[in-house]
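Novice: structure, please.
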Amino acid sequence: MDCPRDWPEPIVRVQSLSDTCTDTIPKRYIKPPEARPSLGSTTIEANIPLIDLGGIHDDNLRETLLKDVSEACREWGFFQVVNHGVSPELMDRAREVWREFFHQPMEVKQAYANLPKTYEGYGSRLGVEKGAILDWSDYYYLHYLPCNLRDFNKWPALPNKLREVITEYSAEVVRLGGILLKLFSINLGLKEEFLQNAFGGDDIGACLRVNFYPKCPQPDMTLGLSPHSDPGGMTFLLPDQHVPGLQVRRGDGWITVKPAPHAFIVNIGDQLQVMSNAIYKSVEHRVIVSAQERVSLAYFYNPKSDLLIQPVTELVTPDRPALYPAMTFDEYRLYIRTKGPLGKSQLGKC
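Specialist: Numbering: from 1, shown residues only. Predicted structure coming up:
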């Protein structure tokens, strides 16, 4: 399967539509009735688990922390972490420099327009299916690791502090990812460094997608991001602190996540579901929009792209045979890039 070199239709920036469409949205963004947030689904009044990482070095609290993380990975696939060691000021700066970018003149942003082969740069659609119903969002995608993919010329030059802030922020998120992989390994009965080594050791992939959801005149008719599970290892989401939007599937309904102050929302990706032989779950989620704009930062902590990913031998038993074939992350995400967000179907169709 090859990824097309260009988009199937001319790209329209959703932010521009938001500025001009004051009452209605174009048909290309109207979801079928069963997929609209107001119909065909149940909203559940609950929230994902909140985990305090402050006890990681306290022997009296560590056992409880490990238990909470294990339950969240097995039963929810999503959780929030506080006392994670990333400074609140840095988190705020990271979100605000990107808000400033999306309010730059269009010609500044267009200089970074992306293509489907890597998605790197300024984008407005996922998937390359001609005539697809699109999501109400723009985004910016960039690579941080491996170092050979990190090209600062592809990172916005404006606002002036963006490259500096995002470099610092990226290093902190990668550090946090290493800490959580250790906890996951211990909970699976593996050596502490097992999953980090299975991801490629220091040679992992780390990339950022900044999501910009412009204000929408018909939020009940569309979605900011269609239902999907994340194809990578795990995701760290820095949400908008003022406008909720992330919804997580729970049974037959959806939970609207209520962000805790300066927490990261963490979710298990498909690669960890494969490695854990489905002991850990990657869970479907989506994004709703509203009459207010939102900015969120999704950081993807991924295995090295050319490593074979398969169920860990120690987690395969006669009672629980291997559920997934071996596949590189490159092969897996090419499917996703071609098809766009399709719920959880990718785990069964690659």
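Novice: next, W254: secondary structure please.
Specialist: strand (DSSP: H, G, I helix; E, B strand; the rest coil).
Novice: how near is it to M327?
Specialist: Applying CB to CB, to the nearest Å, the value for W254 to M327 is 29 Å. All C-beta spots, glycine's among them, are computed from the backbone N, C-alpha and C.
Novice: give me the more crowded residue out of the two.
Specialist: W254 (21 against 15; other CB atoms under 10 Å).
Novice: where do the strands sit along the stretch 151-300 of the chain?
Specialist: 205-213, 225-228, 234-238, 246-250, 253-256, 264-268, 285-287, 294-302 (DSSP state E, counting those that start in this stretch).
Novice: check the gap between the residue lying closest to I48 once chain neighbours are set aside and G123 for me.
Specialist: Nearest residue to I48, sequence neighbours excluded (CB to CB, 6 or more residues apart in numbering): F78, at 4.4 Å. Plainly put, F78 is 25 Å away from G123 if you go by CB to CB.
Novice: between these two, who's got more neighbours?
Specialist: Counting neighbours by other CB under 10 Å for F78 and for G123 shows that F78 has the greater number, 26 against 21.
Novice: could you check how far D330 is from A171?
Specialist: 24 Å.
Novice: and if you look at P325?
Specialist: 34 Å.
Novice: who's more crowded, these two?
Specialist: Ranked by neighbour count (other CB under 10 Å), P325 and A171 place A171 first, with 14 against 11.
Novice: and the closest residue in space to L162 that isn't next to it in sequence, what pLDDT?
Specialist: In space, and not counting its chain neighbours, L162 is closest to V97: 4.5 Å by CB to CB, 6+ apart. For V97, the pLDDT comes out at 98.
Novice: count of neighbours near V97?
Specialist: 21.
Novice: so it sits against I166, correct?
Specialist: Yes: counting by CB atoms under 8 Å, V97 touches I166, with 7.1 Å between them.
Novice: helix, strand or coil for V108?
Specialist: Strictly by three-state DSSP, V108 counts as helix.
Novice: for it, give its distance to F300.
Specialist: Taking CB to CB, one finds V108 at 25 Å from F300.
Novice: compare these two (neighbour count), which wins?
Specialist: F300 (22 against 14).
Novice: quick one: pLDDT of that one?
Specialist: pLDDT, read off for F300, is 98.
Novice: please verify my assumption that P88 contacts H262.
Specialist: Yes: assessed by CB under 8 Å, P88 is found in contact with H262 at 4.2 Å.
Novice: can you count the residues close to Y139?
Specialist: Counted with other CB under 10 Å, the neighbours of Y139 add up to 24.
Novice: am I right that it sits in a strand?
Specialist: Yes: counting by three-state DSSP, Y139 is found in a strand.
Novice: isn't it up against L208?
Specialist: No: using CB under 8 Å, Y139 makes no contact with L208, being 9.9 Å away.
Novice: show me the contacts for the closest residue to P259 other than its chain neighbours.
Specialist: Nearest residue to P259, sequence neighbours excluded (CB to CB, 6+ apart): P239, at 4.4 Å. Listed by CB atoms under 8 Å, 6 or more residues apart in numbering, the contact set of P239 reads 245-246, 257, 259, 265, 296.
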